[in-house]
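Peer 1: Sequence first, then the predicted structure:
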Amino acid sequence: MGDALSVPSEQQEQVDLSWAKAKHEAAVEHVLTKVAMKQQSREIYRAYAIENRPIDEISKTFGVSAEIIYKVKNRVSTMIEAVEMEYAE
């Protein structure tokens, strides 16, 4: 007989995926609401990484180059990863 606390592997996979998604969403929310950064950076990140809007549209809307959009996305993504790592500890 199996351990009373064991979970079939496909259920465990689903639990792990759900946890990873929840952890990521919480980290994104934390970074975009609690970390000090310019409001424009928050909006650029949301437009590009969350809303998947085209680079050209974001560039025109915010008056910034594609290079700046990529830099904002990478900087904010790095912050999000750091918060996710804290959640894992």
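Peer 2: Received it, and whenever you're ready, just let me know what you need. Residues are numbered from 1 along each chain as shown.

Peer 1: For the residue positioned nearest the centre of the chain, give me its contacts.
Peer 2: Central residue of the chain (C-alpha atoms, centre = their mean): Val28, 4.3 Å from the mean position. Val28 is in contact with 50, 80, counting by C-beta atoms under 8 Å, 6 or more residues apart in numbering. For glycine as for every other residue, the C-beta is placed from the backbone atoms N, C-alpha and C.

Peer 1: cool, and the one 10 residues further on?
Peer 2: Taking C-beta under 8 Å, 6+ apart as the definition of contact, Lys38 has no neighbours.

Peer 1: Please identify which helix or strand holds Lys21.
Peer 2: helix 9-34 (DSSP states H and E).

Peer 1: tell me which residues in that helix are buried?
Peer 2: Residues 23, 27-28, 30-32 are the ones in helix 9-34 that count as buried (16 or more other C-beta atoms under 10 Å).

Peer 1: Name the spans of the chain whose pLDDT lies under the cut-off.
Peer 2: Where the chain drops to pLDDT under 70, the residues are 1-7, 89.

Peer 1: outside of stretch 64-74, which residues touch it?
Peer 2: Stretch 64-74 is contacted by residues 41, 44-45, 48-49, 55, 58-59, 62 when judged by C-beta under 8 Å, 6+ apart.

Peer 1: Of those residues, select the buried ones using a ChimeraX command.
Peer 2: Here is the ChimeraX command that picks out the buried ones among those, judged by 16+ other C-beta under 10 Å:
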select :41,44,45,48,49,58,59,62
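
Peer 1: which residue sits closest to Arg75, ignoring its sequence neighbours?
Peer 2: Excluding its sequence neighbours, the residue lying closest to Arg75 (C-beta to C-beta, 6 or more residues apart in numbering) is Ser41, at 7.6 Å.
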